[in-house]
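J.: Give me the fold of what follows.
(one chain, ligands or ions: 1)
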Amino acid sequence: MKIIELTKYLLGMYKEHFFVYKRINQDSEIAKNGYEIINNFMPMKDCNQIIEYFKPLEKEKSYYLDSETYYIRRSELNMGKYKLYDLNTRQFFNIQNHIPIIKKIIENKLIEKLFYEKLNINLYVETVSLQINDADLENRQPLHVDAYTPTNFKFFIYLSDCSHPYNGPYTYVRGSHLHNFRKSRSLLKNFVKKNHLPQMELEYSSAEADLILGKAGDGIMSSMSGVHAGYKHHTKSTRYMLVFQLSRDKIKKNYIHAAETIQ
Ligand SMILES: [Fe+2]
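T.: Numbers count the residues shown, from 1 in each chain. This is a model prediction of the structure:
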């Protein structure tokens, strides 16, 4: 069955290249590099307010806060035969109804407009989550892509300063959203070695990745078919970050990521 998956990914990647990347606006940084930093997207006071609201709501186990919003401890997820990374990561999903400023960003379609302005494609916010990462030297997910097709995009907002490598910045291999040949080679290597197909560390080294440093409130637009990872040497401070997951299709209803793992 894996050969079907491999073929689907290879065909999907080339299809995306010619039907999406060749047709988008080529002038923006995100079109060229796969990511783009938007400084001062959110005021510092709003960043702090979000952190302070959710801090006391953390618990030892994953749970539902209400019918839509839930808290996931990554360590409780089941990845089947594949290794589970980022064990100390926690996420609050669908937080828009708890935080007026986030609700406003969604209602006013600020992120959709930003992507449309930069890429000239229509995207839709699928979920918004608060991601919390403590320092971690052992368990960060290595370089990978999220998807081959359809290309998905994310918008991150650092809520805490991530201006030093030791704060654990997002890392991204610049231009790798267009590296069809190298990603094809990586897919084939993973296939032969029976690795998880989206992993990229057999083809790329983390030294190739840019460390995307930023202050609290800075946003990052990112194509998730580029090669990316968390930073392996996150030694100090807890990183708080908003993650807006965007879809190319209109959303009928919010995805409930991994909610089935909550007992
Ligand atoms: Fe990822």
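J.: Look up the pLDDT of Ser75 for me, please.
T.: At Ser75, the predicted lDDT confidence score is 87.
J.: Would you mind confirming that it makes contact with Tyr85?
T.: No. Using C-beta atoms under 8 Å, Ser75 is not in contact with Tyr85, being 10.3 Å away. Backbone N, C-alpha and C define where each C-beta goes, glycine included.
J.: more neighbours, the two?
T.: Tyr85 (17 against 13; other C-beta atoms under 10 Å).
J.: what about Glu208, distance to Tyr172?
T.: The gap separating Glu208 from Tyr172 is 10 Å, by C-beta to C-beta, to the nearest Å.
J.: typo on my end, Lys193
T.: 24 Å.
J.: So which of these two has more stuff around it?
T.: Tyr172 (25 against 9).
J.: Now that one. Its backbone dihedrals?
T.: phi -150, psi 130 (degrees, to the nearest 10).
J.: in stretch 70-78, what's buried?
T.: Using 16 or more other C-beta atoms under 10 Å as the test for burial, stretch 70-78 gives 70-74.
J.: should've said stretch 109-126
T.: 111-112, 114-115, 118-119, 121, 123, 125-126.
J.: Can you give me the end-to-end span of it?
T.: Start-to-end span of stretch 109-126 (C-alpha to C-alpha, to the nearest Å) is 12 Å.
J.: Also stretch 38-49?
T.: First residue to last in stretch 38-49 (C-alpha to C-alpha) measures 20 Å.
J.: quick one: buried residues of stretch 53-63?
T.: 54, 62.
J.: Mean confidence (pLDDT) on it, please.
T.: Per-residue scores along stretch 53-63 average to 95.
J.: Show me where the stretch 51-200 of the chain has its helices.
T.: For the stretch 51-200 of the chain, the helices defined by DSSP state H, counting those that start in this stretch cover 100-107, 110-119, 180-193.
J.: got the contact list for the following helix or strand past the longest one?
T.: Going back to what we said before, that points to helix 180-193. With elements assigned by DSSP states H and E, the helix or strand that comes after helix 180-193 is strand 210-212. Strand 210-212 has contacts (C-beta atoms under 8 Å, 6 or more residues apart in numbering) with 35, 37, 162, 165, 169-174, 220, 231.
J.: In a markdown table, list those along with pLDDT and distance to Ile3.
T.: As requested, the contacts of strand 210-212 are exported to a markdown table (pLDDT from 0 to 100; distance: C-beta to C-beta, whole Å):
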| residue | pLDDT | distance to Ile3 |
| --- | --- | --- |
| Tyr35 | 97 | 32 |
| Ile37 | 98 | 39 |
| Cys162 | 96 | 40 |
| Pro165 | 94 | 40 |
| Pro169 | 96 | 37 |
| Tyr170 | 96 | 33 |
| Thr171 | 97 | 31 |
| Tyr172 | 98 | 30 |
| Val173 | 98 | 27 |
| Arg174 | 97 | 32 |
| Ile220 | 98 | 35 |
| Tyr231 | 90 | 34 |
